[in-house]
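> From the sequence below, what's the structure:
(2 chains)
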2 protein chains.
Amino acid sequence: MIPNSSAYDRLTARAARIATIDEAAGMLGWDAAAMMPEGGAAARGDQLAVLAGLSHGLLVAPEVAGDLAEAEAAGTGDDPWRAANLRLLRHAHTRATALPADLVEAQVRANSACETIWREARRTADFALVRPALEEVFNLIRQQAAALAPALGMTPWDALADASQRGVTEADIAPVFNAYEAFLRDALPRAEALQAARPAPLRPPGPFPIETQEVLSRRMAHRLGLEPEHSRLDRSAHPFCGGTPTDVRITTRYNEADFSSSLLSTLHETGHALYERGLPTAFARQPVGFAAGMAAHESQSLIVEMQACRSDAFLGWLGGEVHAAFGGDPAPYAPVNLVRLWRRVERGFIRVEADEMTYPAHVILRFRLEQALISGDLRVADLPGAWNAGMQGLLGVTPPDDAQGVLQDIHWYDGLVGYFPSYTLGAMAAAQLMAAARRAVPGLDAALGRGDLGPLLGWLRANVHGVGSLLGFNDLLRAATSKPLDPADFTAHLTERYLT
Amino acid sequence: MIPNSSAYDRLTARAARIATIDEAAGMLGWDAAAMMPEGGAAARGDQLAVLAGLSHGLLVAPEVAGDLAEAEAAGTGDDPWRAANLRLLRHAHTRATALPADLVEAQVRANSACETIWREARRTADFALVRPALEEVFNLIRQQAAALAPALGMTPWDALADASQRGVTEADIAPVFNAYEAFLRDALPRAEALQAARPAPLRPPGPFPIETQEVLSRRMAHRLGLEPEHSRLDRSAHPFCGGTPTDVRITTRYNEADFSSSLLSTLHETGHALYERGLPTAFARQPVGFAAGMAAHESQSLIVEMQACRSDAFLGWLGGEVHAAFGGDPAPYAPVNLVRLWRRVERGFIRVEADEMTYPAHVILRFRLEQALISGDLRVADLPGAWNAGMQGLLGVTPPDDAQGVLQDIHWYDGLVGYFPSYTLGAMAAAQLMAAARRAVPGLDAALGRGDLGPLLGWLRANVHGVGSLLGFNDLLRAATSKPLDPADFTAHLTERYLT
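Down below sits the predicted model:
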């Protein structure tokens, strides 16, 4: 690729080229969700497939194995960044070359077909409709896991989950989730009782003009530190954060009857966006320069949305801003009411609508079910029953139909297994990081009370964002908080917020 | 690429892959102009450079020459589409392989550097600032032309212009332009005298809310036949048409004090978009399935904007629509006033603001100057003087400074030579096509009077859009109008519109 360059330099040049193609694909993915007219979907699918093929082809090219071996033999000196970058390059190459091309192609086809049928199945709450397609998806996922596991030296489920968050295993997660289940069994009824004893929240009376909501959402994102010259806020059916570190694209959705959804999801996506903005520019487009994984990413969205912005201090400031935007009776915007409105627990059916105390139960259910599906202990045909039994066991509720049960999330139907724990690992890490930041940064809450995320953001830049993928998930937490993942900070946070 | 396939099939698969990468790049180019925050510019430049390199690499890959020779030897049967497609593939390959890689790289760097300096030079009306960079750009363009000319069997200027519009040469264009200059010398003073004898147009009193203008522009684009499910209308500094045939992206810009600019530019870009929408889907992503060149493209924007939408019939309908949108005094929206407002001649300095009668003079000036620059008869240092003398000779005016003269257009400063004639060839072709459509389609003008472009569009679909690149520019006109390019239809159109 570059004559007379070292193997390491050839690899980083290749990584940069791959990352640049992936950036192009990411932008086109954002466009598909936020901008594209429906008639462009078929052409867009082709564009993304060609770019994915080019990116994959560069990673598995014949000369890469030799360059990796040569670079590893030469060593990276005592530079931990170069050492980590090389390890991550090796890891990406191992993952990419472990899968036979015909399996990858079969999965692309099966996932795409299943996802299409799933949309109809969810609409009609008809699991039987999608069952054959989902069986094929899981059949191929099991083959994928069987191919990856020996190459990576992992269990099959870990080999799948590794794509979402490196360095966290089912053996790590299972006891954490079991302990949380026990906490929840005690805590949830108590939180419900306390909540029932308080006045019901006042609902701010709408309508809330979409334009006003959009101006407010943009102002809040910028206020939290997201620079307008490096970001956009647009609309999509499901909020997400996309784009590149110098051009972050976040989205939200607006409901004229309730501004909470757009405002809170914007705060959440801004957390993701700030992480991207703070990644180490010296390693841009290198594996070590990317975010540390999906659990790490979720920790940054949740530390902003749940830890900082739903804190007493910040809500005191935010209420005034929201009231100034919409006008009318100030009472619903008083901090005490916003707390009642935005910090409620509820035994619901839908993960994405869940509060922070019950959300992990939704994740635990999925974690257990997908492990059983991968191991072969659970058949796809038995999934709806197992789902409903699990919901009854964890939250004491049974979905009225499969649309509000096993059909609610796209992930499995699109071939994605091992992702769900990231949501809860991220929530736990967010609490742990927030506790450490509060200890380290005097005046952090006082600043939040002025709508100023600056002190928290400065600490996150130094301890999380700027570290990129230099450290694995637990090492990142250890460096930032002096201990690996410790769910006690999360349960302490919930106890303080919901049980006192 | 595809085992056991014919050479022709391998080539079309390759062409489709190249076109799909180019589509991705096109979408990212649209995004850069319409959506991207400024902080994303550097990363976007890298993305576009990598995609351009991948696309180019596929076209010049070693196996292409063999496949072309094999496919040409095998023949394409009696299918004119396949024959034309193979000829165009050969032509693209010849162009791409004629240029040494180091020259291409040097041009990318020189053009980019010159364009950056040009922005400052135009702002400060300081040609001397950009002169050295422009000298380097033209030095490299002359090398480019010298490399292309023998490979294509063309003169140097023709070899450059071939990239914009195949099949039209300087030998074709020069007499047409000389004849137009003679026509203009007689017609322009007469048009000015007639105009001076009529009442001045009433200016519709603003302000015109941007939101209302945008709703109106979208409604007009859709009314002309551009399907919302296959298109977007957004904003950019300079209006353009981008995207892909199933997802066309047009842009405009809004001025609160005057809706004319956004409305008329939307009609123009809609003409481009309708061409893209009507290209032959059976040859999508193949050379023969693309538009027939920039002059052909401009003919389609101008037949919509200038021929159809500024006709008496359409203005009678459009005035009512615009008045309904903005309200107020109806007098400025009466057809007789819109004619006075939107069909005026004026000896201006700026090409993009020129009316349809004087616009060719701006093009003729550039055509002559760039030929002299390429042949070496004119030095870059002498360009401002030659420009001003040319303007005086053609239109009898001299720009007050170089910002309104030689610095006004980006094209040369970005390394683009041979493009300008497309604007006027397109205007002439538009008049010729409109005359033929009027003869062929009964009720065409009656439909325009109802705001219905359908009959014209149906004829264009059959005779221009659906033909793709099957025919060269003159053959396209011959098939549609029974004669090659004939400027008499354009001068007849101007005579009827401005001299009676």
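> Need the mean per-residue confidence for stretch A:276-292.
Averaging pLDDT along stretch A:276-292 gives 98.
> list the buried ones in that stretch?
For stretch A:276-292, the neighbour count (16 or more other CB atoms under 10 Å in any protein chain shown) marks A:276-280, A:283-292 as buried. Where you see a C-beta, it was placed from the backbone N, CA and C, and this is true even at glycine.
> ok now do A:N463, which residues does it touch?
A:N463 sits next to A:L433, A:A436, A:A437, A:A479, A:A480 when contact means CB atoms under 8 Å, 6 or more residues apart in numbering or on different chains.
> May I ask which of these has the most neighbours?
Comparing those by number of neighbours (other CB atoms under 10 Å in any protein chain shown), A:L433 comes first, having 26 neighbours.
> Skipping its backbone neighbours, what lies nearest A:L433 in space?
Distance criterion CB to CB, 6 or more residues apart in numbering or on different chains; nearest residue to A:L433, sequence neighbours excluded, is A:I303 at 5.7 Å.
> so the one you found touches A:Q432, yeah?
No. Using CB atoms under 8 Å, A:I303 is not in contact with A:Q432; the gap is 9.6 Å.
> Give me the local confidence score for the closest residue to A:V176 other than its chain neighbours.
Computed as CB to CB, 6+ apart, the closest residue to A:V176 that is not its neighbour in sequence is A:P487, at 5.4 Å. pLDDT, A:P487: 96.
> cool, and A:D234?
98.
> so what does the helix or strand it falls within touch, helix or strand wise?
When elements are assigned from DSSP states H and E, A:D234 belongs to strand A:231-235. Applying 3 or more CB pairs under 8 Å, 6 or more residues apart in numbering or on different chains; DSSP states H and E, we find strand A:231-235 packed against helix A:210-223, strand A:247-252, helix A:260-278.
> can I get the CA coordinates of the next helix or strand after the last one in CSV?
Think helix A:260-278. Remark: after helix A:260-278, the chain's next helix or strand is helix A:294-302, criterion DSSP H and E. Backbone C-alpha positions of helix A:294-302 (Å, rounded to 0.1, in the frame of the first residue of the first chain) are rendered in CSV as follows:
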residue,chain,number,x,y,z
MET,A,294,-21.7,0.2,23.1
ALA,A,295,-21.8,-0.1,26.9
ALA,A,296,-19.3,2.7,27.2
HIS,A,297,-21.3,4.7,24.7
GLU,A,298,-24.5,4.1,26.6
SER,A,299,-22.8,5.2,29.8
GLN,A,300,-22.2,8.6,28.2
SER,A,301,-25.7,9.1,27.0
LEU,A,302,-27.1,8.0,30.4
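> Touching helix A:294-302 from outside, list them.
Residues outside helix A:294-302 that contact it (CB under 8 Å, 6+ apart) are A:164-165, A:168, A:241, A:268-269, A:271-272, A:274-275, A:291, A:356, A:419, A:421-423, A:425-427, A:429-430, A:433, A:460, A:464-465, A:473, A:476.
> among the residues you listed, which are in strands?
A:C241 (DSSP state E).
> any idea how far the residue in the stretch 201-350 of chain A positioned nearest to chain B lies from B:A25?
Relative to chain B, the nearest point of the stretch 201-350 of chain A is A:D247 (2.8 Å; CB to the nearest CB). Look at A:D247 and B:A25: by CB to CB, to the nearest Å, they are 16 Å apart.
> what domains does the record give for chain A?
Chain A breaks down by automatic domain parsing into domains covering A:7-98, A:166-500.
> Just give the nearest non-adjacent residue to A:V168, would you?
Excluding the flanking residues, the one nearest A:V168 by CB to CB, 6+ apart is A:F473, at 5.3 Å.
> Alright, calling it a day.
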